[in-house]
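**Student:** The following comprises the amino acid sequence and a computationally predicted model.
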Amino acid sequence: MDNKQLSITDGADGEKLTTAKLLAIVMGSQPGDGLTIADMRLRLVILNKLEQANSKIELEKNELKTVISAYRSYRFAFLHPDLVAIDDELEKAISE
């Protein structure tokens with residue numbers, strides 16, 4: 001999956017987000033029902049890969065499924081077409 005520059009800016013520093021940085025925000029947030037230790041371990045592995053991503057984000061199939069699940073259940077506070085485009089990219093990546 002490509003690590004694209006998005007037109008969404010980070011509210012904290014005004015810097016443009018990348019796909020990897022946005023996914024890291026999603027993966028670093030706690031779902032409403034909390035996380036098990038096994039979930040934490042997997043998310044930490046994924047976060048490490050996202051932080052090290054250059055032009056490509058390399059994830060194993062089970063990691064990608066976890067990202068998709070977290071992304072689709074995350075509650076965004078704004079509407080933006082890049083958010084939908086990322087979901088399309090995730091769907092494409094899982095079907096390859």
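**Tutor:** Thanks, I have it.
**Student:** residues touching Asn3, list them.
**Tutor:** 18-20, 53-57 (CB atoms under 8 Å, 6 or more residues apart in numbering). To be clear about C-beta, it is placed using only N, CA and C from the backbone, and glycine gets the same treatment.
**Student:** Of those, keep whichever come out buried.
**Tutor:** 18-20, 53, 57 (16 or more other CB atoms under 10 Å).
**Student:** Now intersect these with the strands, please.
**Tutor:** Members of the buried ones among the contacts of Asn3 lying in strands (criterion: DSSP state E): Thr18.
**Student:** Name the nearest of the buried ones among the contacts of Asn3 relative to Glu89.
**Tutor:** Thr19 (7.2 Å; CB to CB).
**Student:** Quick check: that closest one touching Asp88?
**Tutor:** No. At 11.6 Å, Thr19 does not count as touching Asp88 under the criterion of CB atoms under 8 Å.
**Student:** Many thanks, we can stop here.
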